[in-house]
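**Student:** Sharing a model that was predicted from the sequence below.
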Amino acid sequence: MNQRNNHRLVLFPLPFQGHINPMLQLGRILYARGFSITILHTDFNAPNPSSHPHFAFRSIADGLNQPQASAADIPGLMSLLNARCASPFEESLREIVMSLQGGEAAPVAGLISDAMFNFTCGVAERLKVRALVLRTGGAASLYVYSIYPIFKEKGYVPVYGSRSQEAVKEFPPLLVGDIPAEDPKKPEAIFRILDDMVKTINNSGGVILNTFEELDHQNLVSLQEVFAVPFFPIGPSHKRCGASSSSSLLAEDRSCISWLDEQPPRSVIYVSFGSIAAVSETETLEISLGLACSEQPFLWVVRPGSAHDPEWLEKSPSRFLEALKGRGKMVKWAPQTEVLAHPAVGAFWTHSGWNSTLESISEGVPMLCMPCFADQGVNARYVSDVWRVGLHLNGGLERENIARAIKRLLVEREGEEMRERTLVLKEKASACLRQGGSSYQALDALVNHILSST
Ligand code: UDX
């Protein structure tokens, strides 16, 4: 057991898988540095306390009912969470602060909330608690968000199909279609969310980023020019935590690991579109036919709700798998970081969520990118054009196109070269965490920053 430093941190994750994972990883990292950790969380998508026995958990009533808690309208759900959580959050944080004042337990040294909660820094200021934020996306997308008003002014957003392949002169190699714009019919909703996030960051005492200097240097420099608060790029966080650190909201189907054990090295395409992105039934059919035509082994995550018909996995895959004579494996949820670290995995077909992107880079696995929304277009552009460790699925979700892209990655020289570049980044991702490495130093700086205010 490592030494406790008699300071408690309260962490408040946004209740989506791609935000819960990096926040709970951060909790583990800071626990290992001696802090006591309280996770304040919503009822909706509550994390499982038994997976994190060293943390204290406390829930706040978000008052969301089933239809409101749907992932179909993420900007709407974000606004609702911000409106509903503000007052129960304040009440809970006040109780935690009061109950720990002057007692035996570690007093609150700070709050770390997701940067997409827009009320937390104001509450912390009222309660005289230092507030930091965790931004769960990458540095490039955050920089794009910070200059979003310029994109708006230049007429790049809202994005219309006809302009989507145009270059963004102010930010090469971005194309207009890479800029996040949830719904061209409701551009103000996304603009408000991004504007709130930028304001929250400006009001915070610092920003923790799940990335590393060697990957994102130029954007980290640009961010530091835009924002006056300090940045702490301490990632890749999951590599500091070990395999037992899962905070999955769905049960992980581990049978895919024994299936991978039987596949040749670097032969499998792993297919997963994260925790929110959904595809239509027609698209699901094209994906299955594309996988079939590729003639490569595949591991495909079909999350409940990811194909618009929630029964799809029950109805179709047995037929599909029979047809493919065991060349593929389908699961509802996989232990993704373990899958990516498996020697049989040769490529990752991803929606380019930031966690998936960083997890893939950390294991040296090249990517086939199919960005769906939010920061994913920016992440995918960096993967294909800046780091050159993956391909865009240009030409759309169409079987021959899919099969061709998979073969380019798994079979052809081009894919081998991408793998070599990804392996260089993997080594950097690992080196930055070692003593004296950039993320190691950033974590030291973060701990000192938190303790300097106590
Ligand atoms: C969302 C946004 O889409 C993403 O762009 C943003 O950066 C964070 O919030 P999500 O879509 O879920 O996240 O994608 P991603 O960021 O990749 O996070 C998914 C997480 O779920 C990853 O940590 C991944 O390891 C995990 N996962 C996914 C599993 O553990 N098992 C699976 O089967 C699939």
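**Tutor:** Noted; the coordinates are in hand.

**Student:** how close does the residue of the stretch 301-450 of the chain found nearest the ligand get to Met370?
**Tutor:** Nearest residue of the stretch 301-450 of the chain to the ligand, counting by C-beta to the nearest ligand atom: Gly353, 2.3 Å away. C-beta coordinates here come from the backbone N, C-alpha and C atoms, glycine included. Per C-beta to C-beta, to the nearest Å, Gly353 is found 11 Å from Met370.

**Student:** Could you do Val123 as well?
**Tutor:** Applying C-beta to C-beta, the value for Val123 to Met370 is 38 Å.

**Student:** His52 too?
**Tutor:** Counting by C-beta to C-beta, the gap from His52 to Met370 is 32 Å.

**Student:** Show me which of these two is the more surrounded one.
**Tutor:** Met370 (23 against 19; other C-beta atoms under 10 Å).

**Student:** Skipping adjacent residues, who's closest to the more buried one in space?
**Tutor:** Spatial nearest neighbour of Met370, chain neighbours left out: Leu393 (4.7 Å); criterion: C-beta to C-beta, 6 or more residues apart in numbering.

**Student:** wait, doesn't that neighbour sit right on Ala405?
**Tutor:** Yes - counting by C-beta atoms under 8 Å, Leu393 does reach Ala405; the two are 5.6 Å apart.

**Student:** Need the residues touching each of these two.
**Tutor:** Leu368 (C-beta atoms under 8 Å, 6 or more residues apart in numbering).

**Student:** Then Phe57 would be within a strand, right?
**Tutor:** Yes - using DSSP: H, G, I helix; E, B strand; the rest coil, the assignment for Phe57 is a strand.

**Student:** That one touches Pro47, doesn't it?
**Tutor:** Yes - between Phe57 and Pro47 there is a contact under C-beta under 8 Å: 7.2 Å.

**Student:** overlap in contacts of these two?
**Tutor:** Ile39, His41.

**Student:** Could you pick out the longest helix of this structure?
**Tutor:** In the chain, with assignment by DSSP state H, the single longest helix is helix 74-100.

**Student:** That one: which residues count as buried?
**Tutor:** 74-75, 77-82, 84-86, 88-90, 92-93, 96-97, 100 (16 or more other C-beta atoms under 10 Å).

**Student:** Buried by neighbour count: which residues of the one helix or strand Cys293 maps to qualify?
**Tutor:** Element membership of Cys293, judged by DSSP states H and E, is helix 281-294. Neighbour-count burial for helix 281-294, counted by 16+ other C-beta under 10 Å, picks out Glu283, Thr284, Leu285, Glu286, Ile287, Ser288, Leu289, Gly290, Leu291, Ala292, Cys293, Ser294.

**Student:** From these, list the ones also adjacent to the ligand.
**Tutor:** The subset of the buried residues of helix 281-294 within reach of the ligand, counting by C-beta under 6 Å from any ligand atom, is empty.

**Student:** Mind telling me what element the residue nearest the centre of the chain is part of?
**Tutor:** Geometric centre of the chain, nearest residue: Asn355, 3.4 Å, by C-alpha atoms, centre = their mean. Using DSSP H and E, Asn355 maps to helix 354-362.

**Student:** packing partners for that helix?
**Tutor:** helix 17-32, helix 238-241, helix 336-341, strand 345-350, helix 413-431 (3 or more C-beta pairs under 8 Å, 6 or more residues apart in numbering; DSSP states H and E).

**Student:** Could you list the residues in contact with the first one?
**Tutor:** If I follow you right, that is helix 17-32. Here helix 17-32 has contacts from 2, 9, 11-14, 37, 39, 45, 47, 52, 54-55, 112, 114, 116, 134, 136, 208, 210, 234, 237-238, 240-241, 245, 247-249, 274-276, 353-355, 443, 447, using C-beta under 8 Å, 6+ apart.

**Student:** which parts of the stretch 251-400 of the chain sit against the ligand?
**Tutor:** Residues of the stretch 251-400 of the chain lying near the ligand (C-beta under 6 Å from any ligand atom): 272, 274-277, 301, 333-334, 336-337, 353-356, 359, 374-376.

**Student:** ok now stretch 223-235, how far from the chain's centre?
**Tutor:** 18 Å (C-alpha atoms, centre = their mean, to the nearest Å).

**Student:** thinking again about what came up before, list buried residues within the contacts of helix 17-32.
**Tutor:** Members of these classed as buried by 16+ other C-beta under 10 Å are 9, 11-14, 37, 39, 45, 47, 52, 55, 112, 114, 116, 134, 136, 208, 210, 234, 237-238, 240-241, 245, 247-248, 274-276, 353-355, 443, 447.

**Student:** Now, these that are in strands?
**Tutor:** Among the buried ones among the contacts of helix 17-32, DSSP state E puts Leu9, Leu11, Phe12, Ile37, Ile39, Ile112, Asp114, Leu134, Ile208 in strands.

**Student:** returning to what we had before: angle of the longest helix of the chain against strand 8-12?
**Tutor:** Orientation check (axes from the mean of the first three to the mean of the last three C-alpha atoms, to 10 degrees): helix 74-100 against strand 8-12 gives 160 degrees.

**Student:** so who does Lys239 touch?
**Tutor:** Neighbours of Lys239 in contact, by C-beta under 8 Å, 6+ apart: Ser362, Ala429, Ser430, Leu433.

**Student:** where's the residue nearest to Met370 relative to Ser352, distance?
**Tutor:** 10 Å.

**Student:** Now do the shared contacts for these two.
**Tutor:** Cys369, Met370.

**Student:** neighbour count winner among these two?
**Tutor:** Ser352 (30 against 20).

**Student:** these two touch, right, that one and Phe373?
**Tutor:** No - between Ser352 and Phe373 there is no contact under C-beta under 8 Å: 10.1 Å.

**Student:** Show me where this structure dips below the pLDDT cut-off.
**Tutor:** 1-2, 66-71, 101-106, 160-161, 182-187, 243-245, 307-323 (pLDDT under 70).

**Student:** how's it carved up into domains?
**Tutor:** 8-235+432-451, 255-430 (automatic domain parsing).

**Student:** Regarding the last one, how distant is the last residue from the first?
**Tutor:** It refers to domain 255-430. 28 Å (C-alpha to C-alpha, to the nearest Å).

**Student:** for the buried residues of helix 281-294, which one is nearest Glu400?
**Tutor:** Taking C-beta to C-beta as the measure, Glu400 sits nearest to Cys293 out of the buried residues of helix 281-294, at 6.6 Å.

**Student:** Confirm for me that the closest one is in contact with Glu400.
**Tutor:** Yes - counting by C-beta under 8 Å, Glu400 is a contact partner of Cys293 at 6.6 Å.
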